[in-house]
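Novice: Using only what follows, build the 3D model:
(one chain, ligands or ions: 2)
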Amino acid sequence: MKRRDFLKACLVSGATASLGMTGKAWGSGSFEGYPDGMGVLVDTTRCIGCRSCEAACNKEQKLPEPASSFDDKSVFKETRRTDENALTVVNRYEPQEQGKGPVYRKQQCNHCNEPACLTSCFVNAYTKTKEGAVIYNSKICVGCRNCMIACPFNMPAYSYSSAFNPVVKKCIFCYDTRLKVGRPPACVEICPQEALTFGHRKDLIKVAHERIRETPDRYHDHVYGEKECGGTGWLYLSSLSPEQIALDTSLSNDPIISNVKDFLGTVPMVLTIWPALFSGIHLLATRNKDHGHEHANHGQEDSKP
Ligand code: SF4
Ligand code: SF4
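Specialist: Ligands and ions are numbered 1, 2, ... in the order given. Prediction:
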């Protein structure tokens, strides 16, 4: 790559970053997901912590086998988070009230209506599909990791295996293999307790409220994800309050998109140039590499609708 091309890439990227959300499909408060988008209702009152969903995800996404088997329940001694090799994890929470059993909660990317990961990505590596999935294109990603900082649920994980082939890893709602042909994700299909219900998000919200209405003793009266951060595709019901199962209640009902935009409007130039430098370095690295052989895609998603 010529020095002039490198500087041009930096300038174009820097301008895009400093102008904020150029090229994004929507602005703050103007987009509420796709009306027919799909989602999943996670009913933690039904979950028994069998970890079958973790195993199904591992197989579907062709992830490396974990060090210990999915039958190993000792993992519940610690609270785990998703990482590059585990796009969903189940954690156990002990209720504060005596006489109540533990609650298990599966976690993964919540496929937000207005995703902060997408908004924060200055090269548009993320897409919210009309089916409701938030997917990621590793061929475009430059490895700046803005999305990891922006996500209110700490979901994107980063693969550190190669400095010049950045790969962000997170649940993609089994988009390639299932969602785009109308099939439920692998975790939903395998769950022996029907703790996971796949459907149109708007219908799932009705189902969740019906369950609370019909069996109020069973549920804390809150559908987590209905409103938080502008709404998420994956929704949660529990017998415990959201705080007790480590769901963040400090989040506003406004999409994080607003905050990210405000933030980008106030950051000094050095921060807006930072992603541009990443972009230039990445272009330089991949161009040099392409002289030898094709640049392979190690990400989860190539296509953009
Ligand atoms: S949970 Fe995080 S990674 Fe998933 S769509 Fe929302 S902002 Fe993006
Ligand atoms: S498969 Fe169903 S019951 Fe088993 S841990 Fe996952 S959500 Fe819970």
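
Novice: okay, CA-based contacts and neighbour counts for the rest of this
Specialist: Will do.

Novice: Pull up the gap between the residue positioned nearest the centre of the chain and ligand 2, please.
Specialist: For the chain, the residue nearest the mean C-alpha position is C109 (2.9 Å; Cα atoms, centre = their mean). According to Cα to the nearest ligand atom, to the nearest Å, C109 and ligand 2 sit 14 Å apart.

Novice: what's near enough to touch that residue?
Specialist: With contact set as Cα atoms under 8 Å, 6 or more residues apart in numbering, C109 has these partners: T88, F153, M155, P156, K170, C171, I172.

Novice: Now for those: which two are most distant?
Specialist: Farthest-apart pair in the contacts of C109 is F153 and I172; separation 14.8 Å (Cα to Cα).

Novice: the more surrounded of these two?
Specialist: I172 (22 against 16; other Cα atoms under 10 Å).

Novice: Backbone dihedrals for that one, both of them.
Specialist: Taking degrees, to the nearest 10, you get phi -120, psi 20 for the backbone angles of I172.

Novice: Quick check: closest non-adjacent residue to it.
Specialist: Closest residue to I172 apart from its sequence neighbours, by Cα to Cα, 6 or more residues apart in numbering: I135 at 5.3 Å.

Novice: count of residues packed around K73?
Specialist: So K73, with other Cα under 10 Å, has 12 neighbours.

Novice: same deal with V103?
Specialist: 21.

Novice: so who does it touch?
Specialist: When contacts are counted by Cα under 8 Å, 6+ apart, V103 touches T44, T45, C47, I48, R92, Y93, E94, P95, S238, L240, I245.

Novice: nearest to ligand 1, of those?
Specialist: Distances from ligand 1 to these, taken as Cα to the nearest ligand atom, are shortest for I245 (16.5 Å).

Novice: close enough to count as contact, that closest one and R105?
Specialist: Yes: in this structure, I245 is within contact of R105 by Cα atoms under 8 Å, at 7.2 Å.

Novice: Between the two, tell me which one has more neighbours.
Specialist: Each of I245 and R105 has its neighbours counted (other Cα under 10 Å); R105 has more, 25 against 20.

Novice: Model confidence for that one, exactly?
Specialist: Note on R105: pLDDT of 98.

Novice: all strands for this structure, in order.
Specialist: For the chain, applying DSSP state E gives strands covering 38-43, 89-93, 103-107, 126-128, 134-136, 157-159, 167-169, 196-200, 234-237.

Novice: Considering those strands, which stretch scores lowest in mean pLDDT?
Specialist: Of all these, mean pLDDT reaches its minimum on strand 157-159 (a mean of 87).

Novice: who does that one touch, helix- and strand-wise?
Specialist: strand 167-169 (3 or more Cα pairs under 8 Å, 6 or more residues apart in numbering; DSSP states H and E).

Novice: Sheet-wise, list the partners of the strand it packs on with their directions.
Specialist: strand 157-159 (antiparallel) (DSSP bridges).

Novice: in stretch 239-254, what counts as buried?
Specialist: Judged by neighbour count using 16 or more other Cα atoms under 10 Å, the buried positions of stretch 239-254 are S239, L240, S241, P242, I245, L247, D254.
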